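[1] I'd like to go over a predicted model; first the sequence, then the structure.
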Amino acid sequence: MTILGAILAGGEARRFGSDKGMALLEGCTLIEHAAAILRSKCDDVVVCGRAAAPDSLTTIADRPAPGLGPLGGLCGALHHAAGNGFDAVLTIGCDTPAMPPALLDLLLAARGPCYVRQMPIVGWWPVALAELLAAHLVRDGDRSVRGWGALVGAAAIDAPGDIPNINRPDDLARLIAARAP
């Protein structure tokens, strides 16, 4: 099975106040941290919802249009994956610079679509869902990942441990302080 890792990075970062994907943690951008997480389990990694990304990462436009939230990024990633021979997409947010190691294994071991209950932007999605998601977004349906997950019968998996989520500058400051020697 070939897996595409997709970093969902199309948010407006209103709470952060600037481009949080490009914020630095230990000398690397948050996007670079997310890419490193996905590279450990995926055959390739892309960034969704941005015009440019660091580290020569391929960028994928949200689909069918910008401004659809994480599902627009997921839809773009699913269509890119389907057109490039991947079987599934593993998603995380650009604001997720660390992940419990066992969590990705739990997602990849699932027999169907699934997401993390505490952070639904983290999920595993078969490419067979690409057209169904595009049609759902065109109909202007529920744009929440949980709502989409319920529609397609995705399992909600509990994370075995904490997942850092950087939404505000003080979230990043706390993570930096916690990692300081």
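    Yep, it's here.
[2] check contacts around Lys20.
    For Lys20, the contact set (C-beta atoms under 8 Å, 6 or more residues apart in numbering) comprises Gly11, Ala13, Leu30, Cys94, Asp95, Ile166, Asn167, Leu172. All C-beta atoms are positioned from the backbone trio N, CA, C, and that covers glycine.
[3] Dihedrals phi and psi, it?
    phi -70, psi -30 (degrees, to the nearest 10).
[4] rewinding a little: pLDDT-wise, what's the bottom of the contacts of Lys20?
    On pLDDT alone, Ala13 ranks lowest of the contacts of Lys20, at 64.
[5] which non-adjacent residue is nearest Leu8?
    In this structure, Leu8 finds its nearest non-sequential neighbour in Gly73, 4.1 Å apart by C-beta to C-beta, 6 or more residues apart in numbering.
[6] related to what we said a few turns ago, go through the contacts of Lys20 and flag which are in strands.
    Among the contacts of Lys20, DSSP state E puts none in strands.
[7] any chance of those residues in a markdown table, plus distance to Ala178 and neighbour count?
    Putting those into a markdown table (distance: C-beta to C-beta, whole Å; neighbours: other C-beta atoms under 10 Å) gives the following:
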| residue | distance to Ala178 | neighbour count |
| --- | --- | --- |
| Gly11 | 23 | 21 |
| Ala13 | 21 | 19 |
| Leu30 | 15 | 27 |
| Cys94 | 19 | 31 |
| Asp95 | 16 | 27 |
| Ile166 | 12 | 25 |
| Asn167 | 16 | 15 |
| Leu172 | 11 | 20 |
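[8] Closest to Val152 out of those residues?
    Relative to Val152, the closest of the contacts of Lys20 is Gly11; by C-beta to C-beta it sits at 22.6 Å.
[9] check contacts around the residue nearest to that closest one when sequence neighbours are not counted.
    Nearest in space to Gly11, with sequence neighbours left out and distances taken as C-beta to C-beta, 6+ apart, is Gly49 at 7.4 Å. By C-beta under 8 Å, 6+ apart, the contact list for Gly49 reads Leu8, Ala9, Gly10, Gly11, Ile60, Ala61, Asp62, Pro66, Gly72, Gly73, Gly76.
[10] Thank you kindly, that will do.
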